[in-house]
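> Here is my input; please provide its structure:
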Amino acid sequence: MFLRPSPWPGRVLALVCLSSFGSLAMALVAQHYFDVRPCPWCVMQRGVFLLLGLVSGLGWLLGLQGRMKPLRLLSLVLVAGLALAGLAAAVWQHEVAAQSASCNMTFADQLVMALHLDESLPSVFMATAGCNEAAAYRLLGLPYEVWSGLLYTVQALAAVWSLRTLRNER
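Numbering: from 1, shown residues only. Reported below is the predicted structural model:
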C-alpha cells in the first residue's frame, strides 16, 4: 500500500553536485597546471557549475534528513534551469563568441564584472583570454565548451527525469 520514495532524485542530486565540482576542479587544473586560459564565457560557465554544485549538494543533503520532498523538488527544478542556462552559455560560446576576436564587454564579461567575481576570487573567475583564443584549446579533440555543454545536457536531462519520478510518487 505505502509506496517507498524513489532513491533516484537524491542520487541524481549527488551526481550533479559531484560532476559540477569535478568539472570546476578540472577547469582549474587545466588553467593553473596546463596554461589553458579562460575567456569570459568560460568563467561564466564556471560560475554556473559552482551554483549547480551548491544547489544540488544542498538539495541532496537536506533530502537525507527525512522526507523533504518539496526541497528536493525545488532543487531539481533549479538544477534543470541552471543546467539549461549553462548549456545556452556553452552553445553561445561555441557558435558566436568563439568566432569573434574579442569577447570583452559581452554579457558574460559584464556579468562577471558586475558580480565582482574577478576581483573577489581572481584565480577562479578572472578571464585571461579572448574567446577565439579559448576556442583553440581542446580536450580529447573537442573544445572545452563542448564538454561543458555535454555535461550540462546530461545534468538537465537527469534532473527532468528525476522530477518525473517524484511526480509519479503521488
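> which secondary element of this protein has the worst mean pLDDT?
helix 131-134 (a mean of 68; mean pLDDT, DSSP states H and E).
> what's the very next helix or strand once past that one in contact with?
Following helix 131-134 in sequence order, the next helix or strand is strand 138-139 (DSSP states H and E). For strand 138-139, contacts defined as Cβ atoms under 8 Å, 6 or more residues apart in numbering pick out 30, 144, 147. Where you see a C-beta, it was placed from the backbone N, CA and C, and this is true even at glycine.
> can you pull out the strands in the chain?
Remark: strands assigned in the chain by DSSP state E are 138-139, 142-143.
> so can I have JSON lines of those showing mean neighbour count?
As requested, these are arranged in JSON lines below (neighbours: other Cβ atoms under 10 Å):
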{"stretch": "strand 138-139", "mean neighbour count": "12"}
{"stretch": "strand 142-143", "mean neighbour count": "15"}
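> Quick check: the one residue sitting closest to the centre of the chain vs residue 125, distance?
For the chain, the residue whose C-alpha lies nearest the mean C-alpha position (Cα atoms, centre = their mean) is residue 49; its distance is 2.8 Å. Residue 49 sits 12 Å away from residue 125, going by Cβ to Cβ, to the nearest Å.
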